[in-house]
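Student: okay, structure incoming, though there's no sequence with it:
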């Protein structure tokens, strides 16, 4: 698992960054255990094929590129390869485009598109090129423009609040329901319907985003865990493995 480098990390409460809406990175691949995370996930082998599994104990399939839907269980073995990885937040416009594509939860990219995608990626020489390439890859998949999904205005206010406020803001059900202008029970129902997962798992996902971004910015495991709201490094490691199929230590090693 790889994240872009950054020159700054602020450990004061409220200063932890979130991942960007579209995160595009490349580097040496590795093997992940079974996991699921609340993003679209495209991984492309630049110089070979990946092994993908969707069921524990099930067979693996070989492919040069695969796209997984948010919250879909999967495991990928990309050892020995250079890979390009794109994470797309499902609440974004690009996430809406991907959601409009009629695909399986784990979508194997056809071979005819792999060469075109690799050509796009191999032309990238800078961070700006990489960001442009991520969007061109989505275009190469043949995904049309799509309207952002209709969401309750109260849910939109809560999403903006959670991503715009300090990480130590009040995220209790009562506080968030008040921001949404709904009763607690109604808010929980509408949030799950509009976002795709219940409130608590979504809040855990935001905490992991912050911790992962902090680790990529050279914070220690303990500092990242405490600043993101985890009890300790062990708690962060358990949660990290469940979401990403790897450990924070492996993330730091790959990032280095």
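Tutor: Alright, I've got the coordinates. Here the structure is a predicted model, which is why all the values come from computation and not from measurement.

Student: which parts of the stretch 101-250 of the chain are strands?
Tutor: For the stretch 101-250 of the chain, applying DSSP state E, counting those that start in this stretch gives strands covering 106-108.

Student: give the buried residues for the host helix or strand of residue 97.
Tutor: Assigned by DSSP states H and E, residue 97 belongs to helix 93-99. Neighbour-count burial for helix 93-99 flags 94, 95, 96, 97, 98, 99 (criterion: 16 or more other C-beta atoms under 10 Å). To be clear about C-beta, it is placed using only N, CA and C from the backbone, and glycine gets the same treatment.

Student: do the same with stretch 218-237
Tutor: Residues of stretch 218-237 classed as buried by neighbour count (16+ other C-beta under 10 Å): 218-221, 223-230, 233, 236-237.

Student: start to end distance for that stretch?
Tutor: Its start and end residues considered, stretch 218-237 measures 16 Å (C-alpha to C-alpha, to the nearest Å).

Student: for the helix holding residue 97, what is the distance to the chain centroid?
Tutor: On the basis of C-alpha atoms, centre = their mean, to the nearest Å, helix 93-99 is displaced by 13 Å from the centre of the chain it belongs to.

Student: try stretch 77-90
Tutor: Here the centre of stretch 77-90 is set off from its chain's centre by 11 Å, with C-alpha atoms, centre = their mean.

Student: check contacts around residue 49.
Tutor: Residues in contact with residue 49 (C-beta atoms under 8 Å, 6 or more residues apart in numbering) are 62, 63, 64.

Student: which helix or strand contains the first one?
Tutor: Pointing back at residue 62 there. Using DSSP H and E, residue 62 sits in strand 61-63.

Student: state which helix of this structure is the longest.
Tutor: In the chain, taking DSSP state H as the definition, the longest helix is helix 199-216.

Student: so for the most centrally placed residue in the chain, what's the nearest residue that isn't a sequence neighbour?
Tutor: Residue closest to the average C-alpha location in the chain (C-alpha atoms, centre = their mean): residue 39, at 4.0 Å. Closest residue to residue 39 apart from its sequence neighbours, by C-beta to C-beta, 6 or more residues apart in numbering: residue 87 at 4.4 Å.

Student: just the endpoints, please. Distance across stretch 93-111?
Tutor: With C-alpha to C-alpha as the measure, stretch 93-111 spans 26 Å from end to end.

Student: what of stretch 177-185?
Tutor: Terminal residues of stretch 177-185 are spaced 9 Å apart (C-alpha to C-alpha).

Student: pull out the buried positions in that stretch.
Tutor: The neighbour-count check on stretch 177-185 (16+ other C-beta under 10 Å) flags 177, 178, 179, 180, 182 as buried.

Student: next: stretch 234-247.
Tutor: Those would be 236, 237, 239, 240, 241, 243, 244, 245, 246, 247, for stretch 234-247 by 16+ other C-beta under 10 Å.

Student: distance check, the fourth one against residue 86.
Tutor: With distances taken as C-beta to C-beta, to the nearest Å, residue 240 is found 20 Å from residue 86.

Student: over to the fifth one?
Tutor: Residue 241 sits 22 Å away from residue 86, taking C-beta to C-beta as the criterion.

Student: which stretches of the stretch 51-200 of the chain have low pLDDT?
Tutor: Within the stretch 51-200 of the chain, the ranges that satisfy pLDDT under 70 run 125-127, 130-131, 134, 142-148, 165-168.

Student: note down every partner strand of the strand holding residue 62 and its orientation.
Tutor: Note on strand 61-63: by DSSP bridges, its sheet partners are strand 50-53 (antiparallel).

Student: ok, residues contacting the partner strand?
Tutor: Contacts to strand 50-53, defined as C-beta under 8 Å, 6+ apart, come from residues 29, 34, 43, 59-66, 74-78, 81, 83, 106, 108.

Student: which of those residues are buried?
Tutor: 29, 43, 63-66, 74-78, 81, 83, 106, 108.
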